[in-house]
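> Using only what follows, build the 3D model:
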Amino acid sequence: MNGIHDLGGMHGMGPIDPPRDEPRFHHEWERRTFPLFASLFVGGHFNVDEFRHAIERMGPAHYLEGSYYEHWLHAFETLLTEKGMITAAELSGEATPTQPSTPPPVLTVDMVEPVVLGGASARAKEDVPGRFHAGDTVRAKNLNPVTHTRLPRYARGKVGTVEMVHGAFATPDTMAHGQGEQPQQVYAVRFTAKELWGVNRPDTVCIDLWDSYLEAA
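Below you'll find the model as predicted:
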């Protein structure tokens, strides 16, 4: 969806210059927030696309003022209340949390490394046909959805070349809204800097794009 979160390709943000001695976590609460993603993901409380979309729904001022892990925490609170896992009163500390009727799966020590480092593949179990092949010239559609999408705004309407066919993967646009996997072919599409931003540089950007994001050019 269009919003302040889609910062890719935008001008005027200044240089990226992180300090060399930057700590992994700036505050204790960030360290405690980090493992919540893996725990809640394994517990089946949300998928990664629902998580991303919850962050996208933050108000623009809140998003820009909030830190990285504040975005995470906002998504956890939003999704758990929307799915009825916690109440607003429990979240604020006004009520004592109740135990779920059916205990959810729990993240165990042996699961931490593969979940944190590898996540879970969104590759479809069954293949589906695609419309494009390596070497094809394609154009990213100029879409402006009010729902979740992985088609970045700076690439919309731009022409590129299919570099690789990855295979069939679950579609983020449907997964984020509880509409199932609806798998599609995914392609690595290479765009030149001149095509994207009108600058005469040799740089290129390769973006993984789903079949429905593209049209023949």
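> Helix or strand: which one has the residue nearest the centre of the chain?
Nearest to the mean C-alpha position of the chain, by CA atoms, centre = their mean, lies residue 52 at 4.4 Å. Counting by DSSP states H and E, the element that carries residue 52 is helix 48-56.
> Please report how far residue 86 lies from residue 37.
16 Å (CB to CB, to the nearest Å). Yep, even glycine has a C-beta here, placed from its N, CA and C like the rest.
> ok, those two, which is more surrounded?
Set side by side, residue 86 and residue 37 show more neighbours around residue 37, with 20 against 17, by other CB atoms under 10 Å.
> OK, contacts around that one?
Neighbour list for residue 37: 51, 72, 76 [criterion: CB atoms under 8 Å, 6 or more residues apart in numbering].
> quick one on the thing from earlier: helices and strands around the helix holding residue 52, which ones?
With contacts taken as 3 or more CB pairs under 8 Å, 6 or more residues apart in numbering; DSSP states H and E, helix 48-56 sits against helix 28-42, helix 68-82, helix 172-175.
> That one relative to helix 28-42, how many degrees between them?
140 degrees (axes from the mean of the first three to the mean of the last three CA atoms, to 10 degrees).
> How about residues contacting the longest strand seen in the chain?
As assigned by DSSP state E, the longest strand anywhere in the chain is strand 159-169. With contacts defined as CB under 8 Å, 6+ apart, strand 159-169 is touched by 122-124, 126-128, 130, 132-140, 183-192, 195, 206-208, 210, 217.
> any idea how far the closest residue in space to residue 139 that isn't next to it in sequence is from residue 90?
In space, and not counting its chain neighbours, residue 139 is closest to residue 217: 4.0 Å by CB to CB, 6 or more residues apart in numbering. Per CB to CB, residue 217 is found 52 Å from residue 90.
> residue contacts, residue 75?
Counted by CB under 8 Å, 6+ apart, residue 75 has contacts 51, 52, 54, 55.
> So the second one sits against residue 175, correct?
No. Counting by CB atoms under 8 Å, residue 52 sits too far from residue 175 to count as a contact (9.7 Å).
> what's the angle between the helix or strand of the chain with the lowest mean pLDDT and helix 28-42?
The weakest-scoring helix or strand in the chain, judged by mean pLDDT, DSSP states H and E, is helix 109-118 (a mean of 90). Relative orientation of helix 109-118 versus helix 28-42 (the same axes, to 10 degrees): 100 degrees.
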